[in-house]
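Enquirer: When you get a sec, could you give me coordinates for this:
(2 chains, ligands or ions: 1)
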Amino acid sequence: MKVRDVQHAVLPRTTAEEGSRQNAVVSLRRLLNSKVRPRNVGIFESEAAPAFAERHGRQPQSHEEVREAFLMSPGYRMWSAANRSAQEMIWVSVGEPTYRDLERMEQATKELIEADDKLGSLSLDSSYDPSPEVADVDIHLQPGGYAMNRSDYDVVSGALYECGGNVFSFGQGIGRGDSKAGVIMRLLNEEFDGFKPAKMLDIGCSAGAASAAYPAEWPDVEIHAVDLGAGMLRYGHARAESLGVAVHFHQMDASDMRFEDESFDLVVSHNLMHEIGEEKRRAMIGESFRLARPGGIVIHQDVAIRNQPTLVHEIERDWDTHFNGEVHWNTYATANLQADMIAAGFPEDNVVEHDLSALHGMANNRWYAISGRKPI
Amino acid sequence: MTNQAQAIAALIESARGQRPQSLDNREAEETLNIALALLVELSVANDRIDRLERLVAEMRGEDVATLRDIRYEGEVAEQRQDATDALLMRALRVLIDPRAQANE
Ligand SMILES: C[S@@+](CC[C@H](N)C(=O)[O-])C[C@H]1O[C@@H](n2cnc3c(N)ncnc32)[C@H](O)[C@@H]1O
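Expert: As a prediction, the model looks like this:
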């Protein structure tokens, strides 16, 4: 199943003009990413380090000093201002059709949620207070954030996430045919003898794009998906029903999930680790171990920003922490995930880090994953 | 029903947190944002013009490239040049403004 650019009943219906605007933002971001941003590391040598040396009489050394030096360079500052502006315009370009079409989308959601012949399910927990480290922040500047929940049929956060995610990804050069779920299915084929789960869990599912892609490929799999945001889950549920795939959505915290021990053959998370702090991450990885059955597989996939060659590259990558509301970006980028997996209970010799190529898109688009298998 | 301006306002007003600045000067940063937004709108307008060109070409039974290659000389060319000069004059007005920078 395609994951990006899928048509379904709760997707905002964009006018041709709104489509043009989203395309223009894609083009702007593509240019910034492919032609302007790659100059930053060079600019560090030519502008930033000399400016720092002139002021302080020595070369920048620590994280803070490298960051300070970057901000002393006009070239870097101009890119940073433009990149922030482009990121904000992503949300304007998808927010206008979302709020304009919202009445229809909420009605479609209501009908899909209340239908008698549903394939999957939605369980929201009104007593749950979404983790403030995520709920209180507009991560990647998505207005209202992941946990926004405006009314009983609100789907704004899900619509913004899905549509904004597409504009973002295409602007990164990620192809329309790419799929993080597809990358994990390929990994299972290549490295785990074509392992196919009967029951699986997707943690931090957002609008459920990956969660719906698994049962589309494996019609017999029973899939459960967890997120903290009610608006996000409602949207994901209505989306999956509209696409005709069975997914069971649950509002829970990734660090404390209400499933029995050893419930799943496969536990995955996609792009979750970079959104959460250290403590949550360790608890989430611990939960993934607890919930996997003996012999089951756990794969946590995320963005390929780890293992930067130099401190200058690392600080350049860390822009998102300071300018894009990605408060845990660097925590994730520099974490010892292998140690977290081992602490969770995975035997040292079966924890593996993977550098994965995307299914489609520019050749330098890659994904990171770490996997472990629970001993029998 | 929500109109376009209301929809855009709803989105803008739902943003939380602070807005870190990259440039030394806040006015410059905000002006850059406006310029980039206009760049996006220019691209949107170009798409609209392109749609019309294609429709007109189709109605005339000719290739859109042929339609786009129509050039004018003489009086029409002069009118276009005047219009371009006027556009630039409006856009770059501040560069031509005779008043000197006030001290405060
Ligand atoms: C970047 S999104 C990943 C979305 C999706 N898996 C994908 O790949 O498209 C991260 C998601 O994790 C969710 N999340 C963050 N912290 C969480 C927590 N403590 N418990 C449950 N979900 C959480 C957020 O609400 C958000 O929807």
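
Enquirer: which residues touch residue A:112?
Expert: Residues near residue A:112 by C-beta atoms under 8 Å, 6 or more residues apart in numbering or on different chains: A:9-10, A:118, A:237-238, A:241-242. Using the backbone N, CA and C atoms, a C-beta is placed for each residue, glycine as well.

Enquirer: Quickly name whichever of the residues you listed is closest to the ligand.
Expert: Distances from the ligand to the contacts of residue A:112, taken as C-beta to the nearest ligand atom, are shortest for residue A:237 (13.6 Å).

Enquirer: To what extent is that closest one buried, counted in neighbours?
Expert: Residues near residue A:237, counting by other C-beta atoms under 10 Å in any protein chain shown, number 30.

Enquirer: For residue A:299, grab phi and psi.
Expert: With angles defined as degrees, to the nearest 10, residue A:299 sits at phi -130, psi 120.

Enquirer: so it makes contact with residue A:367?
Expert: No - between residue A:299 and residue A:367 there is no contact under C-beta atoms under 8 Å: 10.8 Å.

Enquirer: still on that earlier bit, buried only: go through the contacts of residue A:112 for me.
Expert: A:9-10, A:237-238, A:241-242 (16 or more other C-beta atoms under 10 Å in any protein chain shown).

Enquirer: how about the most centrally placed residue in chain B, phi and psi?
Expert: Centroid check for chain B by C-alpha atoms, centre = their mean gives residue B:42 as the closest residue, at 4.1 Å. With angles defined as degrees, to the nearest 10, residue B:42 sits at phi -60, psi -40.

Enquirer: Most widely separated two among the buried ones among the contacts of residue A:112?
Expert: Spatially, the most separated pair among these is A:9 and A:237, at 11.8 Å (C-beta to C-beta).

Enquirer: what about the longest helix in chain A?
Expert: Taking DSSP state H as the assignment, the helix of chain A that covers the most residues is helix A:74-100.

Enquirer: Residue B:47 sits in which helix or strand?
Expert: Here residue B:47, judged by DSSP states H and E, is contained in helix B:26-60.

Enquirer: now the angle between helix A:74-100 and that helix, please.
Expert: Per axes from the mean of the first three to the mean of the last three C-alpha atoms, to 10 degrees, the angle that helix B:26-60 makes with helix A:74-100 is 60 degrees.

Enquirer: Next, the distance between the ends of stretch A:124-140.
Expert: Distance between the boundary residues of stretch A:124-140 (C-alpha to C-alpha, to the nearest Å) amounts to 25 Å.

Enquirer: For that stretch, the averaged confidence score.
Expert: What stretch A:124-140 shows for mean pLDDT is 94.

Enquirer: from the chain's centre, how far out does that stretch sit?
Expert: Stretch A:124-140 sits 15 Å away from the centroid of its parent chain (C-alpha atoms, centre = their mean, to the nearest Å).

Enquirer: That one close to chain B?
Expert: Yes - counting by C-beta under 8 Å from any C-beta of the partner chain, chain B has neighbours in stretch A:124-140: A:136-138.

Enquirer: Out of these, the closest to chain B would be?
Expert: Looking at the residues of stretch A:124-140 next to chain B and their distance to chain B, the nearest is residue A:138, at 5.1 Å (C-beta to the nearest C-beta).

Enquirer: which non-adjacent residue is nearest the residue in chain B that the ligand sits nearest to?
Expert: Distance from the ligand to each residue of chain B (C-beta to the nearest ligand atom) is smallest for residue B:16, at 15.0 Å. Using C-beta to C-beta, 6 or more residues apart in numbering or on different chains and skipping the chain neighbours, the partner closest in space to residue B:16 is residue A:138 (5.1 Å).

Enquirer: I figured that neighbour hits residue A:325, correct?
Expert: Yes - counting by C-beta under 8 Å, residue A:325 is a contact partner of residue A:138 at 5.0 Å.

Enquirer: one step back: so can I have a markdown table of the residues of stretch A:124-140 next to chain B showing secondary structure and neighbour count?
Expert: Converted to a markdown table, the residues of stretch A:124-140 next to chain B look like this (DSSP: H, G, I helix; E, B strand; the rest coil; neighbours: other C-beta atoms under 10 Å in any protein chain shown):
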| residue | secondary structure | neighbour count |
| --- | --- | --- |
| A:136 | coil | 14 |
| A:137 | coil | 20 |
| A:138 | coil | 18 |
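
Enquirer: Which of those sits closest to residue A:317?
Expert: Lowest distance from residue A:317 to the residues of stretch A:124-140 next to chain B (C-beta to C-beta) belongs to residue A:137, with 19.1 Å.

Enquirer: mind checking pLDDT for the residue of chain B found nearest chain A?
Expert: Nearest residue of chain B to chain A: residue B:11, at 3.0 Å (C-beta to the nearest C-beta). Model confidence at residue B:11, given as pLDDT, is 96.

Enquirer: before we move on, the earlier item: the helix or strand following the helix holding residue B:47 - contacts with which helices or strands?
Expert: Sequence-wise, the next helix or strand downstream of helix B:26-60 (DSSP H and E) is helix B:64-68. Contacts defined by 3 or more C-beta pairs under 8 Å, 6 or more residues apart in numbering or on different chains; DSSP states H and E place helix B:64-68 against helix B:26-60.

Enquirer: Show me what the helix it packs on is packed against.
Expert: helix A:16-31, helix A:74-100, helix B:64-68.

Enquirer: I'd like to know which of those helices is closest to the ligand.
Expert: Once the helices and strands packed on helix B:26-60 are compared by C-beta to the nearest ligand atom, helix A:74-100 is nearest, at 14.1 Å.

Enquirer: which residue sits closest to residue A:278, ignoring its sequence neighbours?
Expert: Excluding its sequence neighbours, the residue lying closest to residue A:278 (C-beta to C-beta, 6+ apart) is residue A:331, at 5.8 Å.

Enquirer: about what we covered before: got any residues that touch both of residue A:138 and residue A:325?
Expert: In contact with both residue A:138 and residue A:325: residue B:17, using C-beta under 8 Å, 6+ apart.
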